[in-house]
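A.B. asks: Could you work out the structure for the sequence below:
(chains A and B, ligands or ions: 3)
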Amino acid sequence: MIKPEIVSQLQKITGKEGVLTAKEDLNAYSYDGTTTWTHMPDVVVLPTTTEQISRVLKLANENKVPVTTRGAGTNVSGGSIPIKGGIVLCTVKMNKILDINKTNLTATVEPGVVLQNFNTALAKEGLFYPPDPQSFLGCTMGGTVAENAGGPYCVKYGVTKQYLLGLEVVLANGYVMKVGGVTVKNRTGYELVMLFTGSEGTLAVITKITVRLLPMPAASKTMMAVFDDMIAGGQAVSNIIGSGVVPAKSAFVDNFVIRRIEQMTPMGLPLDANALMLLMDDGNPAAVETDTQQIVDILKKSGAKEVKIAKDADEAAAYWKMRSAGFAAVFGAAHTVLAEDVAVPRDKLAEFIKKLGEISERTGFFIQYLGHAGDGNLHPSIFTDIRKEDEFARAQAAMGEIFRAALSLGGVLSGEHGIGLEKQRFLKEAMDPVALDLMKKIKGILDPNNILNPGKIWEEEGA
Amino acid sequence: MVAKTKYDEIKKFEGDLEQCMKCGFCTFWCPVYQEEWVESSVARGKNMMIRGLLAGDLEYTKEFAARLNKCTLCMACTANCPAKANIPNIIVAARADTVKARGVKFPYNIVYRCVLPRRTLFGNIVRFASWFQGVFLPRTEGTIRHLAMFLSALGKGRNIPQIAPKFLRQIVPVVNRPPAGVETRMKVGYFTGCMTDFVFPELGEHIIDFLTRNGVEVVVPKEQGCCGAPAFLGAGDFDTGRKLADTNIKAFEDVDYIVSDCATCTSSLKDYAKYLADTPERKEAYARFGEKVYDISQFLVDVLKLPASAYRAAPEVKGKKVTWHDPCHLVRHLGIKDQPRQIIKSIPDVEYVEMPNADRCCGMAGTFSVYYYDLSKKIADKKVESIRSTGADIVVSSCPGCEIQLIDSTIRNKLPVKVMHIMELLQ
Ligand SMILES: Cc1cc2nc3c(=O)[nH]c(=O)nc-3n(C[C@H](O)[C@H](O)[C@H](O)COP(=O)(O)OP(=O)(O)OC[C@H]3O[C@@H](n4cnc5c(N)ncnc54)[C@H](O)[C@@H]3O)c2cc1C
Ligand code: SF4
Ligand code: SF4
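C.D. replies: Ligands and ions are numbered 1, 2, ... in the order given. Below you'll find the predicted structure:
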């Protein structure tokens, strides 16, 4: 339990309205998007300025109180769960867009800005920020940096890290540090911006973010292809990329998701399709026309039963909405959903899907999957119930097999969701031991008292 | 002694409770969260608090209720929820379970249990009980003129219309036939609702006049009561809700259609089956009753199927620019969106402009705005900015509750628009 004098000092820093201690409130900051993890903080702090964050961290550091930074709590890895109690530092009230510079093609935002609000502001200026985690209606910019998030657009445009130019961060001792800048080129020392990107709140609190922007592409086309076979679908993606066209976005859902979506929000999807693939091409209108034709041809040659081109922006939007609803379809499907987030090299996708089939047969668990496909990132999920000890243990073992299958193909443990709590038991297998040790040393330098999001990413010694 | 709460009502909606997968999309749509930015204000947080209640981690304390009740039941969360989790259902059910266990508190117990179900008494109290304010209202800045009872509670320094000198029920007969020369096409019951009855009787007269001129015989049963929304939705008092439901069902026994000019009443009447049915007989009766209930715009467009020429501008709105505010109870609770727009667009002498975020909650939500007036004002201010951006002369809606909120907030923000009920546009 936290000492009452610390709570009253926190209140002095942020004002009473910025500190929550009622049990009901603590309960409301005890979870994230996972179905497996919850833990109550001792206190929730909602700062409104960098200076307040600096004072909160100084206080916490002196008293060795854990601080878990939270944006919108939409991560699906246990990242924002205060597993050691202490303070949840929630950034959502720091939600100002500080600058949009149309001529430098950059923007600077506070960490609590919700991605969708940022996109709306940019759209008014004809600008475009590609990283598009499908939680865009909730997730904060700070959360996307700390998770290095990326969505369907990453096939062509990459993920958050490809857009970061500068950060302001508050270190564990309260020092406010600037790294990077507002220039596209910057070769001043180590790439410290990258150090904090994907750091999952364990190295510092991010308080200002400068990103580079693109002009909004003039045209785009969305296609939907139906496959009898997931493996053929996976191969089609490789074929398209191999042909020299890189679609802007791609996404992938299986028969289970198609049925669930039709059950929840009917939109006329073919219920008998084994796999549905969504693709988008964008750029200048003439190029989009020829690319689209080429993609359609390859899809058909690769075995697509049916290919539809969305007739207008509304229809395209409906298709993509289906993709974001897909997540809900999966997560609401069982008491406990274990969702992998593995990524394999794009040309190994078909092979990986085949292996998933074998694992499913061997373990007896139905494996559902949706994913981005074009980037090799898939979310195979297993439905289970954490209350049934035996089954849950077997489900976890099956997850291990999936991850190892990805690894054997040159893949990685997490494509986008991060390690948090959910995936730490696999980390040792997924990383060079020296690299893992280096991470721990970096953490030790930046946060010697281990107050920043303790208990995350790697398993604790002796655990 | 506090009886042990059993959560039977919540359990009826366990599906919704389990369905939420904590994606946080609702944070984007929730009008309360968008002002407060704390997790307990949004559907995801409320749902998790209720899960905590069932798990025994939390209790239904004052603190709990204060957070749970910070909700306008606008359904924006549900409408945009990828998992289609209906959290407002659980919120109402949780209120009901507490009431079951502990009863309703003074003075609400008197109001809900004794006053609301008795229409005449209610009318008299509305007229005479201005001093009641002191008991009923939390202290506020500003003064309240003219109004009593819960209307005055809604008042709390708001700019609101006066109580009418004569109530609708005292003005119009029970049976209103089409004028001579107009053929009677059908017979409908008119559910007047408290606001139209006590505050806007001219609106009621106008509606009866419009319907009869279009071949509808309008019955206004004297026995009808309050729809029950403040009691069963607002306070979780399902017993009173059932009393009112049974009364209203009896009052409208003889008609096939029931029309209402108030979105909240319409959806509450239809909600009897969902929340209040405690026996198979009631379930059936409430469902049958609910099917007969129509919002006035929906009735004109979908049932009466009036031709566009039937919609002519009232003299004072001719040449004006009009925008529409979607009441939550209409657009999301009932899915009625196109019918009112179709009507306004059919009127030849007015110009229709769509406002941005027309379906965003105005922040009224009955008792919500009594307890959380400051919050309610902030939500309303966003609505006012939407209205302002259209340059409209008139903002119309079809919920007297919304109208009171719009009148208050446009005056407060010095926006010179007129607030009207959609039926007032029509000649
Ligand atoms: C339906 C759904 C779809 C999703 N789709 C995608 C997807 O397509 N791609 C993808 O990459 N992810 C996806 N996610 C995961 C998640 O939304 C992202 O990781 C997102 O970036 C998290 O943002 P947040 O604001 O919610 O952060 P939180 O969940 O609050 O926090 C995430 C982590 O970041 C840390 N953190 C947050 N803010 C800061 C800060 N200011 N400074 C330092 N550390 C901080 C936290 O400590 C925590 O470790 C999805 C999640 C859901 C529920
Ligand atoms: S209520 Fe719906 S939108 Fe909100 S968190 Fe739950 S599933 Fe997501
Ligand atoms: S009903 Fe409206 S106010 Fe209540 S939680 Fe849902 S969105 Fe928020």
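A.B. asks: Going by the annotation, which residue ranges form each domain of the chain?
C.D. replies: With no chain named, the answer covers chain A. Domain assignment for chain A, taken from automatic domain parsing, gives A:4-90, A:97-215, A:219-327, A:334-427.
A.B. asks: Let me rephrase: I mean chain B.
C.D. replies: If you go by automatic domain parsing, chain B breaks into B:8-101, B:310-425.
A.B. asks: Of all those domains, which one is nearest B:K243?
C.D. replies: Closest to B:K243 of the domains of chain B is domain B:8-101 (C-beta to C-beta; 13.7 Å). (C-beta placed from N, C-alpha, C; glycine too.)
A.B. asks: helix, strand or coil for residue 382?
C.D. replies: I'll assume chain A. strand (DSSP: H, G, I helix; E, B strand; the rest coil).
A.B. asks: look at chain B instead
C.D. replies: Applying three-state DSSP: B:K382 is helix.
A.B. asks: Would you tell me which strand is longest in chain B?
C.D. replies: strand B:186-191 (DSSP state E).
A.B. asks: what about whatever residue of the stretch 301-427 of chain B ends up closest to ligand 1, distance to A:I451?
C.D. replies: At 21.6 Å from ligand 1, B:R332 is the closest residue in the stretch 301-427 of chain B, using C-beta to the nearest ligand atom. Distance, B:R332 to A:I451, using C-beta to C-beta, to the nearest Å: 44 Å.
A.B. asks: thinking again about what came up before, might one say that the residue of the stretch 301-427 of chain B closest to ligand 1 is in contact with B:A79?
C.D. replies: Yes. Between B:R332 and B:A79 there is a contact at 4.9 Å, judged by C-beta atoms under 8 Å.
A.B. asks: Which one's more surrounded, the two?
C.D. replies: Comparing B:R332 with B:A79 by neighbour count (other C-beta atoms under 10 Å in any protein chain shown), the higher total belongs to B:R332, at 23 against 17.
A.B. asks: List the residues that contact that one.
C.D. replies: B:74-76, B:78-79, B:359 (C-beta atoms under 8 Å, 6 or more residues apart in numbering or on different chains).
A.B. asks: from the stretch 151-300 of chain B, which residue is nearest to ligand 2?
C.D. replies: Closest to ligand 2 within the stretch 151-300 of chain B is B:K274: 18.2 Å, counting by C-beta to the nearest ligand atom.
A.B. asks: Kindly state the pLDDT recorded for that residue?
C.D. replies: B:K274 carries a pLDDT value of 95.
A.B. asks: Name the helix or strand for the closest residue to it other than its chain neighbours, please.
C.D. replies: Closest residue to B:K274 apart from its sequence neighbours, by C-beta to C-beta, 6 or more residues apart in numbering or on different chains: B:N89 at 7.6 Å. Assigned by DSSP states H and E, B:N89 belongs to helix B:87-102.
A.B. asks: is that helix up against ligand 3 anywhere?
C.D. replies: Yes. Against ligand 3, helix B:87-102 shows contacts by C-beta under 6 Å from any ligand atom at B:87-88.
A.B. asks: Check which helices and strands that helix is in contact with.
C.D. replies: helix B:8-12, helix B:14-19, helix B:43-55, helix B:62-68, helix B:76-79, helix B:238-251 (3 or more C-beta pairs under 8 Å, 6 or more residues apart in numbering or on different chains; DSSP states H and E).
A.B. asks: Next, the buried residues of it.
C.D. replies: Within helix B:87-102, the residues that count as buried by 16 or more other C-beta atoms under 10 Å in any protein chain shown are B:87-100.
A.B. asks: Going by distance to B:Y371, which of those residues wins?
C.D. replies: Closest to B:Y371, out of all of the buried residues of helix B:87-102 and judged by C-beta to C-beta, is B:R95, at 12.9 Å.
A.B. asks: secondary structure class for A:K311?
C.D. replies: Quick answer, by three-state DSSP: A:K311 is coil.
A.B. asks: Relative to A:S250, how far out is it?
C.D. replies: For A:K311, the distance to A:S250 (C-beta to C-beta) stands at 20 Å.
A.B. asks: Looking at these two, which is more packed in?
C.D. replies: Each of A:K311 and A:S250 has its neighbours counted (other C-beta under 10 Å); A:S250 has more, 28 against 10.
A.B. asks: Now do the contacts for that one.
C.D. replies: A:152, A:155, A:237, A:277-280, A:372-375.
A.B. asks: pLDDT weak spots in the chain?
C.D. replies: Using chain A here. Chain A contains residues with pLDDT under 70 at A:462-463.
A.B. asks: Chain B was what I was after
C.D. replies: Short version for chain B, where the test is pLDDT under 70: B:1-5, B:105-162.
A.B. asks: Which residues of it lie near chain A?
C.D. replies: Within chain B, the positions lying close to chain A (C-beta under 8 Å from any C-beta of the partner chain) are B:18-25, B:27-29, B:37-40, B:45, B:48-49, B:52, B:57-58, B:61, B:63-64, B:67, B:80-85.
A.B. asks: Look up how far ligand 2 lies from the residue nearest to A:M264 when sequence neighbours are not counted.
C.D. replies: Using C-beta to C-beta, 6+ apart and skipping residues adjacent in sequence, the residue nearest A:M264 is B:K84, 5.1 Å away. With distances taken as C-beta to the nearest ligand atom, to the nearest Å, B:K84 is found 8 Å from ligand 2.
A.B. asks: State the helix or strand in which B:K84 lies.
C.D. replies: Applying DSSP H and E, one finds B:K84 in no helix or strand.
A.B. asks: ditto for A:G357
C.D. replies: A:G357 belongs to helix A:349-363 when assigned by DSSP H and E.
A.B. asks: tell me which residues in the helix or strand following that helix are buried?
C.D. replies: Next helix or strand after helix A:349-363 toward the C-terminus (DSSP H and E): strand A:367-371. Of all the residues in strand A:367-371, those buried under the rule 16+ other C-beta under 10 Å are A:367-371.
A.B. asks: now do stretch B:320-332
C.D. replies: Result for stretch B:320-332 [16+ other C-beta under 10 Å]: buried residues B:320, B:322-332.
A.B. asks: all strands for the stretch 351-463 of chain A, in order.
C.D. replies: Secondary structure of the stretch 351-463 of chain A (DSSP state E, counting those that start in this stretch): strands located at A:367-371, A:378-384.
A.B. asks: wait, which of the ones you listed is closest to A:A350?
C.D. replies: strand A:378-384 (11.5 Å).
A.B. asks: now the strands for the stretch 201-350 of chain A?
C.D. replies: Using DSSP E, counting those that start in this stretch, strands in the stretch 201-350 of chain A cover A:205-212, A:214-215, A:219-227, A:249-254, A:275-283, A:306-309, A:336-339.
A.B. asks: no, scratch that, I was asking about the stretch 101-250 of chain B
C.D. replies: Using DSSP E, counting those that start in this stretch, strands in the stretch 101-250 of chain B cover B:175-176, B:186-191, B:216-219.
A.B. asks: and the first one, which strands flank it?
C.D. replies: Strand B:175-176 sits in its sheet next to strand B:216-219 (antiparallel), going by DSSP bridges.
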